[in-house]
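In: I need the structure of the sequence given here:
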Amino acid sequence: MTFDFSGKSVLVVGGSSGIGRGIACAFREAGAAVQVWGTKARLEDYEDPQALAGIAYAQVDVADEARIQAVAMAIPRLDVLVLCQGTVAYERQEFEIETFRRIVEVNLNSMMTCAQTFFPVLKAAGGSIVTVSSTAGFRATRGNPAYNASKAGVVGLTRTLGQAWAGKGVRVNGLAPGFVATKLTRVTTDHPERMAQAVAGIPLGRFGEPAEMAGAALFLASPAASYIVGQTLIVDGGLTL
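Out: You can find the predicted model right below:
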């Protein structure tokens, strides 16, 4: 199925790299006017900025509620909000309470801030929200309690906002990626032994691509998913089976 988002306005929070970038580019190719938020000062500061040609960019630290609200004021219309922000800390740093709080602030709390901030314009447009969590929201992840708890929280938030806002004209759904080669998974992809072990647990026998996550996002935001509310679609090549 080909998805057409011509004339639609899309914001991808965390869309400057990785899965978010793949989603942003897919909406652009589907005809939407796309903006992405990232943490660096300029789009040119990212690797291969030309991949995001034609996409507007704003620097937003999603842990800063005031910054979110200030930049949001410049977006008077929005049809699709994709919440793809996320971070992780390795070497058991997430067992330190300050690191735990920082991870949860970015991965979970900021999603609620963004959703609540953009709810009025999404309601006016009859729009939708697509959250991006992780298969970590459905199983344990060794050494990463904050990442795991925050992603499980996103799954729960997606259900609850889906229920709360469906009657107000805003559909909320999400997708949970499995292993995708991004900067967050380099702890695995940069080590051949870990990589081989990870791939061995995936029935499809490979990592996913950002474009494959994008397909799920476009579907959930499209009229083809008009009767789907509060669900998180697992896109993991069979990893969690």
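In: drop to CA atoms for contacts and neighbour counts, all remaining ones
Out: Fine.
In: Geometric centre of this structure: which residue is closest?
Out: Centre of the chain computed as the mean C-alpha position; nearest residue by C-alpha atoms, centre = their mean is C84, 1.9 Å away.
In: In contact with that residue, which residues are there?
Out: C84 is in contact with V12, V13, G14, G15, I19, G20, T131, V132, S133, counting by C-alpha atoms under 8 Å, 6 or more residues apart in numbering.
In: Can you give me the pLDDT of it?
Out: Looking at C84, its pLDDT reads 97.
In: so V199 makes contact with R206?
Out: Yes: with contact defined as C-alpha atoms under 8 Å, V199 counts as touching R206 (5.5 Å).
In: Please report phi then psi for the residue nearest to the centre of the chain.
Out: phi -120, psi 20 (degrees, to the nearest 10).
In: how close does it sit to Q93?
Out: Distance, C84 to Q93, by C-alpha to C-alpha, to the nearest Å: 22 Å.
In: got it, and G137?
Out: Counting by C-alpha to C-alpha, the gap from G137 to Q93 is 19 Å.
In: What segments of this structure are strands?
Out: Under the criterion DSSP state E, strands of the chain are mapped to 9-13, 33-38, 56-59, 80-83, 128-132, 171-177, 232-235.
In: closest to P192 out of those?
Out: strand 171-177 (21.2 Å; C-alpha to C-alpha).
In: report the angle between the axes of the closest one and strand 128-132?
Out: In terms of direction (axes from the mean of the first three to the mean of the last three C-alpha atoms, to 10 degrees), strand 171-177 departs from strand 128-132 by 20 degrees.
In: Pull the distance from stretch 115-133 to the chain's centre.
Out: 13 Å (C-alpha atoms, centre = their mean, to the nearest Å).
In: buried ones in that stretch?
Out: The neighbour-count check on stretch 115-133 (16 or more other C-alpha atoms under 10 Å) flags 115, 117-119, 121-123, 125-133 as buried.
In: ditto for stretch 95-112
Out: For stretch 95-112, by 16+ other C-alpha under 10 Å, it's 99-100, 102-112.
In: from these, which is closest to G143?
Out: Among the buried residues of stretch 95-112, and counting by C-alpha to C-alpha, the member closest to G143 is F100, at 11.6 Å.
In: Surely that closest one touches E94?
Out: Yes: assessed by C-alpha under 8 Å, F100 is found in contact with E94 at 4.9 Å.
In: shared neighbours, those two?
Out: P145, A146.
In: ranges for the helices of the chain?
Out: All helices of the chain, identified by DSSP state H, fall at 18-29, 65-72, 97-104, 110-125, 145-165, 186-189, 192-200, 210-221.
In: for the third one, packing partners?
Out: To tie it back to what came earlier, the one meant is helix 97-104. For helix 97-104, the elements it packs on are helix 145-165, judged by 3 or more C-alpha pairs under 8 Å, 6 or more residues apart in numbering; DSSP states H and E.
In: Show residues contacting the helix it packs on.
Out: With C-alpha under 8 Å, 6+ apart as the criterion, helix 145-165 contacts 87-88, 94-95, 100-101, 103-104, 107-108, 111-112, 131-134, 136-138, 140-141, 170-174, 229-232.
In: Test my guess that A33 contacts I55.
Out: Yes: look at A33 against I55 with C-alpha under 8 Å: they come within range, at 7.3 Å.
In: what residue of this protein is the furthest out?
Out: Most peripheral residue of the chain (C-alpha atoms, centre = their mean): E193, 28.0 Å.
In: who has more neighbours, G137 and Q93?
Out: When G137 and Q93 are compared for neighbours, G137 comes out ahead with 19 against 16, by other C-alpha atoms under 10 Å.
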